[in-house]
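*Asks:* coords please:
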Amino acid sequence: MDNPVGELMGMIQKYRLKKPDFQFKKNQGQWQCTCVITLEDTQLRETALGATKKEVKTQTAMAIVPILKEHLQKVH
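*Replies:* The predicted structure is shown next:
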């Protein structure tokens, strides 16, 4: 997965889903990012810690893409 954030946004666009909510905050000197994707009947949520906002956003996207793919395969 070269660009997990791009892949996630492509899936969001393709399936006309609500844009993911990336929430950032500092946690003990590191950045914490929580990615929330709200679907019709469920909410997907992943959290990661890292040194930079870009790093944690990438980590959360890498974690949530396979979960979203699995969910979309069941639905579509």
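*Asks:* backbone phi and psi for Ala48, please?
*Replies:* phi -140, psi 160 (degrees, to the nearest 10).
*Asks:* Just give the nearest non-adjacent residue to the residue positioned nearest the centre of the chain, would you?
*Replies:* The residue lying closest to the centre of the chain (CA atoms, centre = their mean) is Ala61, at 3.8 Å. Spatial nearest neighbour of Ala61, excluding adjacent residues (CB to CB, 6 or more residues apart in numbering): Pro4 at 3.9 Å. In this view, the C-beta of every residue, glycine as well, is placed from N, C-alpha and C.
*Asks:* what do you get for Lys57?
*Replies:* Nearest residue to Lys57, sequence neighbours excluded (CB to CB, 6+ apart): Cys33, at 5.3 Å.
*Asks:* Neighbouring strands - and their directions - for the helix or strand encompassing that neighbour?
*Replies:* For Cys33, the enclosing helix or strand under DSSP states H and E is strand 30-38. Partners of strand 30-38 in the sheet, by DSSP bridges, are strand 21-27 (antiparallel), strand 43-50 (antiparallel).
*Asks:* for this structure, what's the longest helix?
*Replies:* When the chain is parsed with DSSP state H, its longest helix is helix 53-75.
*Asks:* Could I get the buried residue list for it?
*Replies:* Going by neighbour count (16 or more other CB atoms under 10 Å), the buried part of helix 53-75 is 56-62, 64-65, 68.
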